[in-house]
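Student: sequence below, structure please.
(one chain, ligands or ions: 1)
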Amino acid sequence: MPLYEYRCRECGQSTEFRSTMDKKESMAATLKCDACGSGNFSQVLGGVAFVQGSAGTKTPMPPSGGGCCSGGMCGL
Ligand SMILES: [Zn+2]
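Tutor: Sure thing, here's the model as predicted:
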């Protein structure tokens, strides 16, 4: 289960939680900042480490890929 990191837009306090991709949006919607009580969060991209396949896979990486959403697999 991936770990998501969110940062408060009001004070910069970061928080993280584990969730499935399906539920992370609703989880994020209920977040409250510990420091200021704001619910205004933005996701910190790069806070999630996706494990892509395994070594030795035959699938070539697309030359323009490498970004999180290049394959449409991250759900954003
Ligand atoms: Zn805050």
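Student: rest of the way, CA atoms for contacts and neighbours
Tutor: Fine.
Student: near the ion, which residues of this protein show up?
Tutor: Counting by C-alpha under 5 Å from the ion, the chain comes close to the ion at 8, 10-11, 33, 35-36.
Student: of those, which belong to strands?
Tutor: Among those, the residues falling in strands (DSSP state E) are residue 8.
Student: just the buried ones out of the residues of the chain next to the ion, please.
Tutor: The neighbour count (16 or more other C-alpha atoms under 10 Å) marks 8, 33 as buried among these.
Student: okay, and which of the residues of the chain next to the ion map to helices?
Tutor: Secondary structure from DSSP state H places none of the residues of the chain next to the ion in helices.
Student: with pLDDT added, can I get the residues of the chain next to the ion in CSV?
Tutor: Output for the residues of the chain next to the ion, formatted as CSV (pLDDT from 0 to 100):
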residue, pLDDT
8, 96
10, 97
11, 98
33, 95
35, 94
36, 97
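Student: from the residues of the chain next to the ion, which single one is nearest residue 42?
Tutor: Of all those, residue 42 sits closest to residue 8, with 6.5 Å by C-alpha to C-alpha.
Student: look up the residues forming beta bridges with that closest one.
Tutor: With DSSP bridges as the criterion, residue 8 is bridged to residue 41.
Student: so what's it up against?
Tutor: Going by C-alpha atoms under 8 Å, 6 or more residues apart in numbering, residue 8 touches 14-15, 33, 38-42.
Student: likewise for residue 15?
Tutor: Residues near residue 15 by C-alpha under 8 Å, 6+ apart: 5-8, 33.
Student: if you set the cut-off to 10 Å instead, what comes out?
Tutor: By C-alpha atoms under 10 Å, 6 or more residues apart in numbering, the contact list for residue 15 reads 4-8, 31-34, 41, 43-44.
Student: then residue 14?
Tutor: 5-8, 33-35, 41-44.
Student: can you do 6 Å?
Tutor: Applying C-alpha atoms under 6 Å, 6 or more residues apart in numbering to residue 14 gives the contacts 6-8.
Student: helices along the chain, start to end?
Tutor: With DSSP H, the ranges of helices along the chain come out as 21-29.
Student: what's the end-to-end length of stretch 21-38?
Tutor: In stretch 21-38, first residue to last residue: 23 Å (C-alpha to C-alpha, to the nearest Å).
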